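J.: For reference, the sequence and a predicted model appear below.
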Amino acid sequence: MPRPNAVSVRRAGDDAEILVNGKLFTRYVTRGANKPYFYPLVGPTGVPITRHYPMREVEGETRDHPHHRSFWFTHGDVNGVDFWSESSKAGKTEHSAYEALESGPIFGRLRARVNWIAPDGKKVCEDVREMRVYNTTQGRL
């Protein structure tokens, strides 16, 4: 049973889930796309704050920009490689490893290493990204 104001970060297969007070806030999705991303991203009232497409199709949602996957991070040009789009000529950012998955009564932390791979398979660079989720009485941060 989660403690009040607890943020839990845990593995879910290759992915990681972040729960706030026992309820899903987001999932760090590491496979199935050109980049890792957070989906869904659930607001403090329980309603997702990003659209579902292209992860799933929902009546009434637009189907444009299929490379926009909820909450994610890339760049359009890194050493001449397009990491923004998801075309066959685009690079990929690939989750490599979790460096930290920490839960706590005030915040939780996810730290991951990501490789940036060009279409020819060569590694362009890598990054280490960290996301902290705070649960406050005023909402989430």
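T.: Received, thanks.
J.: List of residues touching stretch 70-80?
T.: By C-beta atoms under 8 Å, 6 or more residues apart in numbering, the surrounding residues in contact with stretch 70-80 are 26, 35-41, 50-51, 55, 82-85, 91, 93, 116, 118, 124-125, 129. All C-beta atoms are positioned from the backbone trio N, CA, C, and that covers glycine.
J.: Could you write me a PyMOL select line covering just the buried ones among those residues?
T.: Here is the PyMOL command that selects only those of the contacts of stretch 70-80 that count as buried (16 or more other C-beta atoms under 10 Å):
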select buried, resi 26+35+36+37+38+39+40+41+50+51+55+82+83+84+91+93+116+118
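J.: For stretch 23-36, measure first residue to last.
T.: 21 Å (C-alpha to C-alpha, to the nearest Å).
J.: which residue ranges form the strands in the protein?
T.: Here the chain has its strands, by DSSP state E, at 7-12, 15-20, 23-29, 37-41, 71-72, 92-102, 107-117, 123-136, 139-140.
J.: nearest to G60, of the ones you listed?
T.: strand 37-41 (16.5 Å; C-beta to C-beta).
J.: what are the pairing partners of the closest one, and which direction each?
T.: Sheet neighbours of strand 37-41, with direction, are listed as strand 23-29 (antiparallel), strand 71-72 (antiparallel) (DSSP bridges).
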